[in-house]
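[1] mind folding the following:
(one chain, ligands or ions: 1)
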Amino acid sequence: MLKQNHRAWVEVDLSAIKHNVQQLKSLLTAPTELMAIVKADAYGHGAIDVSQVAIEAGAAWLGVATIPEGIQLRHAGITAPIVILGATNGIDEIKAIAEYRLQPTICNPKQALIYHEVLATIQEQVSVHLKIDTGMSRLGVNWQEAMAFVQLVQHLPNLEITSIYSHFATADDRDRRFMHLQAQRFEQVITALKAEDFHAPRIHICNTAAMLSEPHLHYDIVRTGLGLYGLYPAPHLQSYLDLRPALTVKARITQVKEISAGTSVSYGQSFIAPQDMKMATVAIGYADGIPRGLSNRIRVSVNGQKVAQIGTITMDQCAIDVSHVPNINVGDVVTFLGSDSENTADDWANLVGTISWEILCGFKHRLPRINITKTVDLTDRRLFSSDHI
Ligand SMILES: *Cc1c(COP(=O)(O)O)cnc(C)c1O
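    Just a heads-up that it's a prediction; the model follows:
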């Protein structure tokens with residue numbers, strides 16, 4: 001059988017995920033709970049394993065973006081409450097949510113009424129989370145209309161209000177003014193509801209960045225994504241915790257060759273050998289999630305040495321300079337991103353003008369996920385895929 005790591009793969013260190021959950025939880029005071037955000041296949045780390053480990057480490061909630069993401073976790077036997085952060089409106093969607101005991105975000109009165117109608121027909125009740133827009137301008141009712149919205153949903157017997165939440169637009173900025181304005185609007189809503197004798201069972205507004213910088217806004221739940229995966233939302237938030245990146249991207253050398261001075265490498269001749277060199281071709285490219293914009297700009301590790309990536313990164317392959325690496329062979333493993341590499345997802349993001357979230361989510365399913373922890377659950381064979389390396 002073909003080995004999982006024959007060409008290129010992603011290694012996920014589940015013990016780092018566990019460590020990160022514990023680190024994040026150490027900032028919380030009871031009764032605040034942690035929601036592990038595992039949307040987009042846990043930011044590319046593998047949603048099922050990450051969810052299981054996060055729950056073992058003390059996460060009380062899971063957050064996903066879509067219904068299929070939630071169903072995947074239910075099929076894996078996960079019983080923790082799963083919140084769908086995205087919008088869901090269709091009849092089939094609502095039925096699936098009821099069937100799989102998922103908890104939708106309700107963003108406006110019209111959506112609430114559609115839910116009401118469908119749930120009444122199928123005689124189901126679901127736990128819902130009401131989204132208030134305090135300035136992100138994505139989903140949710142505007143904060144000025146929150147009161148009427150909550151009162152409407154309160155009178156729909158098949159929708160059980162489980163939380164009221166909002167989302168920050170600028171939590172990772174050094175300038176906290178807009179975040180504080182959003183927090184103030186949110187607090188206004190909560191206060192007004194209390195004055196009408198409505199006590200939301202839970203309220204929440206923090207993502208990873210706000211959780212790190214605004215302990216007084218933790219409320220009942222914090223929704224952490226990036227921090228789980230060991231990255232800091234911004235350099236100025238780094239001092240708060242010891243987080244460990246969990247993801248490493250590796251690929252194998254498929255050919256080694258000598259090239260003479262003046263030889264061009266790859267499409268567009270973007271690299272010309274300045275002297276005689278030894279290069280290696282590696283079986284990973286932009287279709288796997290290595291941004292093409294990094295061509296000629298990153299260093300990778302091979303056999304304990306840092307070397308330059310050279311030439312344009314192509315869809316499935318790229319080249320590296322191994323002139324000074326002795327004993328280099330076909331099959332040797334090159335580390336592109338990860339703890340023993342020079343580059344973090346942040347470095348890559350800065351080079352190509354994006355954010356680390358997009359780099360992490362960019363690693364495609366052509367790269368198998370291999371769990372490298374040996375500490376989580378000794379009875380679960382799936383956690384031992386590293387045996388095959
Ligand atoms: C993705 C997401 C989060 C997690 O954000 P991080 O910055 O990765 O911690 C939290 N809340 C909502 C609504 C989200 O969509």
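[2] on the three-state scheme, residue 86 is what?
    Of the three states, residue 86 takes coil under DSSP: H, G, I helix; E, B strand; the rest coil.
[3] what residues does the stretch 51-200 of the chain put near the ligand?
    Counting by Cβ under 6 Å from any ligand atom, the residues of the stretch 51-200 of the chain close to the ligand are 85, 167. C-beta coordinates here come from the backbone N, C-alpha and C atoms, glycine included.
[4] show me where the stretch 51-200 of the chain has its strands.
    61-64, 82-84, 103-106, 126-133, 141-142, 159-165 (DSSP state E, counting those that start in this stretch).
[5] the longest helix belonging to the chain versus strand 159-165: what angle between them?
    In the chain, taking DSSP state H as the definition, the longest helix is helix 177-195. Comparing the axes of helix 177-195 and strand 159-165 via axes from the mean of the first three to the mean of the last three Cα atoms, to 10 degrees yields an angle of 140 degrees.
[6] want to throw the strands of the stretch 51-200 of the chain into TSV with mean neighbour count, distance to residue 267 and mean pLDDT?
    Below are these laid out as TSV (neighbours: other Cβ atoms under 10 Å; distance: least, Cβ to Cβ, whole Å; pLDDT from 0 to 100):
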stretch	mean neighbour count	distance to residue 267	mean pLDDT
strand 61-64	25	38	98
strand 82-84	24	42	98
strand 103-106	24	44	98
strand 126-133	24	45	98
strand 141-142	18	49	98
strand 159-165	21	47	98
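[7] and the residue of the stretch 101-250 of the chain closest to the ligand?
    For the stretch 101-250 of the chain and the ligand, the shortest gap (Cβ to the nearest ligand atom) falls at residue 225, measuring 2.5 Å.
[8] now do the closest residue to that residue other than its chain neighbours, the pLDDT please.
    Nearest residue to residue 225, sequence neighbours excluded (Cβ to Cβ, 6 or more residues apart in numbering): residue 37, at 3.5 Å. In the prediction, the pLDDT value recorded for residue 37 is 98.
[9] let me see the contact set for residue 37.
    For residue 37, the contact set (Cβ atoms under 8 Å, 6 or more residues apart in numbering) comprises 62, 63, 64, 85, 207, 223, 224, 225, 228.
[10] do residue 230 as well
    Contacts of residue 230 by Cβ under 8 Å, 6+ apart are 16, 17, 20, 243, 244, 245, 246, 247.
[11] and residue 283, by the same measure?
    7, 8, 251, 252, 253, 254, 316, 317.
[12] A helix includes the third one, no?
    Right, the one you point to is residue 251. No. If the criterion is three-state DSSP, then residue 251 is strand and not within a helix.
[13] what pairs with it across the strands?
    Residue 251 has the following beta-bridge partners by DSSP bridges: residue 8, residue 334.
[14] for burial, what's the neighbour tally of it?
    The number of residues packed near residue 251 is 25, by other Cβ atoms under 10 Å.
[15] and stretch 79-92, what's buried?
    80, 81, 82, 83, 84, 85, 87, 88 (16 or more other Cβ atoms under 10 Å).
[16] make CSV out of the strands of the stretch 51-200 of the chain and add distance to residue 362.
    Written out in CSV, the entries for the strands of the stretch 51-200 of the chain read as follows (distance: least, Cβ to Cβ, whole Å):
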stretch, distance to residue 362
strand 61-64, 19
strand 82-84, 23
strand 103-106, 25
strand 126-133, 27
strand 141-142, 33
strand 159-165, 28
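[17] the residue nearest to residue 225 and the ligand: what is the separation?
    As for residue 37, its distance to the ligand is 4 Å (criterion: Cβ to the nearest ligand atom, to the nearest Å).
[18] next up, phi/psi of that residue, please.
    Note on residue 37: backbone dihedrals following degrees, to the nearest 10 are phi -90, psi 110.
[19] could you find the closest non-adjacent residue to residue 133?
    residue 140 (3.6 Å).
[20] do I have it right that that neighbour meets residue 107?
    Yes. The pair residue 140 / residue 107 is scored as a contact, 5.1 Å apart, by Cβ atoms under 8 Å.
[21] list residues touching both of these two?
    residue 131.
[22] re earlier: next, give me the two most distant ones among the contacts of residue 230.
    Comparing all pairs in the contacts of residue 230 by Cβ to Cβ, the longest separation belongs to 243 and 247, at 12.5 Å.
[23] can you pull the pLDDT of residue 387?
    36.
[24] related to what we said a few turns ago, and the residue of the stretch 101-250 of the chain closest to the ligand, how many residues sit next to it?
    23.
[25] for it, which residues are in contact?
    37, 39, 43, 63, 207, 208, 357.
[26] so which of those are in strands?
    Within the contacts of residue 225, residues falling in strands by DSSP state E are 37, 63.
[27] for the contacts of residue 225, work out which two are farthest apart.
    63 and 357 (14.2 Å).
[28] quick check: next helix or strand after the helix or strand hosting residue 300?
    Under the criterion of DSSP states H and E, residue 300 resides in strand 299-302. Scanning forward in sequence from strand 299-302 by DSSP H and E, the next helix or strand is strand 305-310.
[29] name the helices or strands packed onto the helix or strand just after that following strand?
    Downstream of strand 305-310, the next assigned helix or strand under DSSP H and E is strand 318-321. For strand 318-321, the elements it packs on are strand 277-282, strand 305-310, judged by 3 or more Cβ pairs under 8 Å, 6 or more residues apart in numbering; DSSP states H and E.
[30] out of the ones you listed, which comes closest to residue 267?
    Using Cβ to Cβ, the helices and strands packed on strand 318-321 put strand 305-310 closest to residue 267, at 12.4 Å.
[31] what comes up buried for that closest one?
    307, 309, 310.
[32] with the residues you listed in mind, which one is nearest to residue 160?
    residue 309 (52.9 Å).
[33] could you find the closest non-adjacent residue to the residue nearest the centre of the chain?
    Residue closest to the mean C-alpha point of the chain, counted by Cα atoms, centre = their mean, is residue 43 at 2.7 Å. Excluding the flanking residues, the one nearest residue 43 by Cβ to Cβ, 6+ apart is residue 360, at 4.4 Å.
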